[in-house]
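> Just need the structure, nothing else, for what follows:
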Amino acid sequence: MSRRLVSVKKSLRFMLFCGLPFWVPQMVFAHSSIINNKAWEVCEKQVRSDSCEYTDNHEDIYRGTCQLMSEKLLCVRNQPIVKGNPDAADH
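Okay, the predicted model is just below:
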């Protein structure tokens, strides 16, 4: 093998070794499931694109619109989360 090819392979291994520990947790968190069913429940009697809002166990407020997911409507957040009471978490 040429020295250039060996150098490229080493560089790729280094990038994978250093990059994966950073990117994988970020990707997993970004696509994590909904912790509670409130996002589904608030849209049960709505139609697509209706405004929706729900709170989590920290009293954070999530606002968005009802969108079709898996043949059911889900409240999809399209506004910043309004932080609530940090002491309100269920233990």
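> Please pull out the lowest mean pLDDT helix or strand from the protein.
Here the helix or strand of the chain ranked lowest by mean pLDDT, DSSP states H and E is helix 3-30, holding a mean of 62.
> contacting residues around the residue nearest to residue 75 when sequence neighbours are not counted?
Nearest non-adjacent residue to residue 75, counting by CB to CB, 6 or more residues apart in numbering: residue 52, 3.8 Å away. Any C-beta I mention is one placed from the backbone N, CA and C, and that applies to glycine too. Residues near residue 52 by CB atoms under 8 Å, 6 or more residues apart in numbering: 39, 42-43, 46, 63-66, 75.
> I'd like those laid out as a markdown table, including distance to residue 84.
A markdown table is the format used below for the contacts of residue 52 (distance: CB to CB, whole Å):
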| residue | distance to residue 84 |
| --- | --- |
| 39 | 16 |
| 42 | 16 |
| 43 | 21 |
| 46 | 23 |
| 63 | 13 |
| 64 | 16 |
| 65 | 21 |
| 66 | 22 |
| 75 | 16 |
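> Closest one to residue 57 out of those residues, please.
residue 39 (13.2 Å; CB to CB).
> Show the contacting residues for the nearest residue to the closest one once chain neighbours are set aside.
Distance criterion CB to CB, 6+ apart; nearest residue to residue 39, sequence neighbours excluded, is residue 75 at 4.4 Å. Residues in contact with residue 75 (CB under 8 Å, 6+ apart) are 38-40, 42-43, 52-54, 62, 64-67.
> Okay, now the sheet partners of the stretch of helix or strand the residue nearest to residue 75 belongs to, with direction.
Here residue 52, judged by DSSP states H and E, is contained in strand 51-55. The sheet places strand 51-55 alongside strand 61-69 (antiparallel), with pairing taken from DSSP bridges.
> What are the contacting residues of the partner strand?
39, 42-43, 46-56, 73-79, 81-82, 84.
> try 7 Å this time
Outside strand 61-69, the residues that touch it by CB atoms under 7 Å, 6 or more residues apart in numbering are 43, 46, 48-55, 73-79, 81-82, 84.
> are any of those buried, and which?
43, 52, 54, 73-75 (16 or more other CB atoms under 10 Å).
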